[in-house]
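*Asks:* 3D, please:
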Amino acid sequence: MLNKQWYNKQEILNIYPISISTYKRRIKNIPPTKTKIVKTERGTPLRLIHESILDEVFRERRRLTKKEKETKIIRYVNNHYWNFKGNIVPVNGTIKNIKAVMKFFFDLLKQHQKNKRDLTLFYSIEKNPNDKYYHAHFLIDCRGDMIEKKKVMDTLKLLCDNNTPGETRIYLREYDLFFEKRGAEYATKEENYGYQLLY
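*Replies:* Next up is the predicted model:
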């Protein structure tokens, strides 16, 4: 999540999965009130861009290239346009089992999607705090061909035990694109036991 007002080029490249040439191309359209030039200690000019315009200018909905998938996946996930976020906590869930469940979940979701290329699923696996088993956090992007939340929930119920008054096994909610980057950051935190981006 952004926590200051002005960002320089290197900071922006560290946040968003874009190239230097993309950065240079996009700053041409920034309103003058949202950018400023300051002098560094060496006296060289440094361009700063206001945080209020960063997502509008640098956030984008696209697929990563194979090379980018290896190096920029976390920046991509943290800044992508997601529609849903959630998690599943299977009974006695192993890492191998959760990987298979999430792949099957993705395949089932594709059946509700007219344009299969518009579906993206990211998941990460995390250890349960109170036992030796695992659970998964996930983010879904179904773009303009929106899958209804009920269909996503019904699909999850096929793959995981239902919620009970004492346990939440399935959690799903709509993702607030501009105010919930923390949702993506939580899904990509360092303590995970593997993650994958499917599309």
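
*Asks:* the residue nearest to Glu60 when sequence neighbours are not counted: what's it in contact with?
*Replies:* Once flanking residues are discounted, Glu60 sits nearest to Ile18: 7.7 Å by Cβ to Cβ, 6 or more residues apart in numbering. (Glycine included, C-beta is placed from N, CA and C.) Applying Cβ atoms under 8 Å, 6 or more residues apart in numbering, we find Ile18 in contact with Ile12, Arg26, Phe58, Glu60.

*Asks:* can you lay out these as JSON lines showing distance to Leu119?
*Replies:* Converted to JSON lines, the contacts of Ile18 look like this (distance: Cβ to Cβ, whole Å):
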{"residue": "Ile12", "distance to Leu119": "28"}
{"residue": "Arg26", "distance to Leu119": "26"}
{"residue": "Phe58", "distance to Leu119": "23"}
{"residue": "Glu60", "distance to Leu119": "17"}
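
*Asks:* those residues, buried ones only, as a PyMOL selection?
*Replies:* Entered in PyMOL, the line below selects the buried ones among those, by 16 or more other Cβ atoms under 10 Å:
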select buried, resi 12+26+58
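
*Asks:* and which of the contacts of Ile18 is nearest Tyr175?
*Replies:* Glu60 (16.3 Å; Cβ to Cβ).

*Asks:* tell me the pLDDT at that closest one?
*Replies:* pLDDT for Glu60: 75.

*Asks:* helix or strand: which one has it?
*Replies:* Glu60 belongs to no helix or strand when elements are defined using DSSP states H and E.
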